[in-house]
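*Asks:* predicted structure and sequence below. I'll ask about it afterward.
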Amino acid sequence: MVATCLHLTGFVASFVGWIGLIVATSTNDWVVTCGYTITTCRKMDELGSKGLWADCVMATGLYHCKPLVDILILPGYVQACRALMIAASVLGLPAVFLLVTVLPCIRMGHEPGVAKYRRSQLGGILLILLALCGIVATIWFPVSAHRETMIMSFGYSLYTGWIGSALCLFGGCIIVCCSGDAQSFGENRFYYASGSSSPTHAKSAHV
């Protein structure tokens, strides 16, 4: 029962983290920049916002973005961070699918526990990989952007990416290390007794 609770905790944390990485990938408020000195920018009330897909200007009553569509002139770190965040978002699809199929409430015929265990481990490993992609991208981008321009603060997209990566790493590690062995995945912990309207606890039965 403890292993099942840990598995569910890892799955929920990882799913929320994956959604956070998708939000971070699709939004442009990664870092808030200043084209002049910080004092001048505050007096002019004009700041910039830099992301994976656009550079934006924020001023009183104005929010204008310039899409970064010319790949040939983009800095290398922007292209690399794009690739890493897209990879993290895409890896989440098979990871979530694999983990959904091994949830205690999902049964796929008389499937042996070892098959569910292997899918669970593979899903956990994919989550750890996508978390590492997110961590590298969300650290690399602000460090490299600071070399080009003055960074005043981090944007909500970057914070979302950090939190999402941490949740995916946390959930993936729980699933790989703490969610039980192949035998626990082959046990039936609950069943509905024939002719009874209430669930009955049963002894573990191997499938």
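*Replies:* Perfect, thanks for sending it.

*Asks:* any chance you could map the helices in the chain?
*Replies:* 2-26, 38-44, 76-101, 113-148, 156-178, 182-185 (DSSP state H).

*Asks:* what comes up buried for the third one?
*Replies:* Buried residues in helix 76-101, defined by neighbour count with 16 or more other Cβ atoms under 10 Å: 77-78, 80-82, 84-85, 87-89, 91-92, 95-96, 98-99, 101. C-betas here are computed from N, CA, C, even on glycine.

*Asks:* middle-most residue in the protein, spatially?
*Replies:* For the chain, the residue lying nearest the average C-alpha position, counting by Cα atoms, centre = their mean, turns out to be Trp18 (2.7 Å).

*Asks:* check contacts around the residue nearest to it when sequence neighbours are not counted.
*Replies:* In this structure, Trp18 finds its nearest non-sequential neighbour in Gly92, 3.9 Å apart by Cβ to Cβ, 6 or more residues apart in numbering. By Cβ atoms under 8 Å, 6 or more residues apart in numbering, the residues touching Gly92 are Trp18, Leu21, Ile22, Leu126, Leu127, Leu130, Cys168.

*Asks:* max pairwise distance over these: which two?
*Replies:* Ile22 and Leu126 (15.1 Å; Cβ to Cβ).

*Asks:* more neighbours: which of those two?
*Replies:* More neighbours surround Leu126 than the other of Ile22 and Leu126, with 23 against 17 (other Cβ atoms under 10 Å).
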